[in-house]
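> Based on what follows, work out the 3D shape:
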Amino acid sequence: MSRAPEPWPPVETDLPQRHADAPDPGTDLPPHYAHCFGCGDQAEDGLHLRATVGEGHTILSQFTVTEAHQGAPGLAHGGLLACAFDEALGTTVGNLLRSPAVTAKLETSFLRPVPVGTTLFIDAHLDGIAGRKIYVSADGRLDAPDGPIAVRARALFVLVDLSHFVTHGRKEDLVAVAKDPSLLSHRPFEINP
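Numbering: from 1, shown residues only. Okay, the predicted model is just below:
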């Protein structure tokens with residue numbers, strides 16, 4: 001029995017305005033945190049996901065599946081692919097809205113296997129906002145921006161203030177960032193959106 005997909009976003013939303021300080025289309029984005037498994041340069045076996053600002057409400061990301069990312073022999077681990085989409089969707093929210101947010105719900109649909117050595121191109125976009133809730137979705141294509149869709153995802157993010165990260169972050173990591181602020185990208189955020 002096949003069910004029709006639920007509408008997305010599942011509630012009435014407004015299309016959010018790009019923040020005035022959002023990077024321009026074509027801008028390559030730096031990692032938000034050097035040790036982030038998704039985008040960080042210092043995460044040895046991380047995804048090293050790279051992102052570029054697209055037109056409108058879109059961020060284009062990509063990463064190449066390595067041997068360290070396997071689940072079944074020669075294939076990307078499904079949870080790792082979900083992680084890549086979480087990173088791409090969060091990058092979209094953070095860079096286009098310039099407000100801190102966290103993942104509240106992530107849903108992935110796996111349509112094709114993603115082999116080791118494949119580059120996955122993820123086209124993520126803001127779909128709507130309702131209060132503190134932000135709805136985003138993405139398609140992941142194999143080996144080219146117009147390649148076959150292998151994975152689809154949609155997520156709900158919730159706006160938070162920066163105290164969320166200070167309250168819940170591991171103390172030694174917060175101390176390390178305080179000692180070396182270059183571990184974080186220098187993107188301005190609105191503290192009280």
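
> Where does pLDDT dip in this structure?
The chain contains residues with pLDDT under 70 at 1-2, 186-193.

> What is the longest helix anywhere in it packed up against?
Within the chain, and with DSSP state H defining each element, the longest helix by residue count is helix 78-97. Here helix 78-97 touches strand 50-53, strand 58-64, strand 101-110, strand 119-130, strand 133-142, strand 149-159, going by 3 or more CB pairs under 8 Å, 6 or more residues apart in numbering; DSSP states H and E. For every residue, glycine as well, the C-beta is placed using N, CA and C.

> okay, those in JSON lines with mean neighbour count and distance to A4 next?
Output for the helices and strands packed on helix 78-97, formatted as JSON lines (neighbours: other CB atoms under 10 Å; distance: least, CB to CB, whole Å):
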{"stretch": "strand 50-53", "mean neighbour count": "20", "distance to A4": "32"}
{"stretch": "strand 58-64", "mean neighbour count": "22", "distance to A4": "26"}
{"stretch": "strand 101-110", "mean neighbour count": "15", "distance to A4": "14"}
{"stretch": "strand 119-130", "mean neighbour count": "21", "distance to A4": "18"}
{"stretch": "strand 133-142", "mean neighbour count": "22", "distance to A4": "17"}
{"stretch": "strand 149-159", "mean neighbour count": "20", "distance to A4": "15"}
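
> Out of these, the one nearest E44 is which?
Proximity to E44 (CB to CB) singles out strand 58-64 among the helices and strands packed on helix 78-97, at 14.5 Å.

> neighbours around P16, how many?
By the measure other CB atoms under 10 Å, the count of residues near P16 is 18.

> G147 now?
G147: 15 neighbours (other CB under 10 Å).

> picking up where we left off before, which positions within the longest helix of the chain qualify as buried?
For helix 78-97, a neighbour-count test (16 or more other CB atoms under 10 Å) marks 80-97 as buried.

> T64 contacts P115, correct?
No - T64 lies out of contact with P115 (CB atoms under 8 Å); the separation is 10.8 Å.

> ok, back up a step: any chance of JSON lines for the helices and strands packed on helix 78-97, columns distance to R170?
Below are the helices and strands packed on helix 78-97 laid out as JSON lines (distance: least, CB to CB, whole Å):
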{"stretch": "strand 50-53", "distance to R170": "25"}
{"stretch": "strand 58-64", "distance to R170": "25"}
{"stretch": "strand 101-110", "distance to R170": "16"}
{"stretch": "strand 119-130", "distance to R170": "27"}
{"stretch": "strand 133-142", "distance to R170": "25"}
{"stretch": "strand 149-159", "distance to R170": "21"}
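
> among those, which is nearest R3?
Of all those, strand 101-110 sits nearest to R3, with 12.4 Å by CB to CB.

> quick one: strands adjacent to the closest one?
Take DSSP bridges as the rule and strand 101-110 pairs in its sheet with strand 149-159 (antiparallel).
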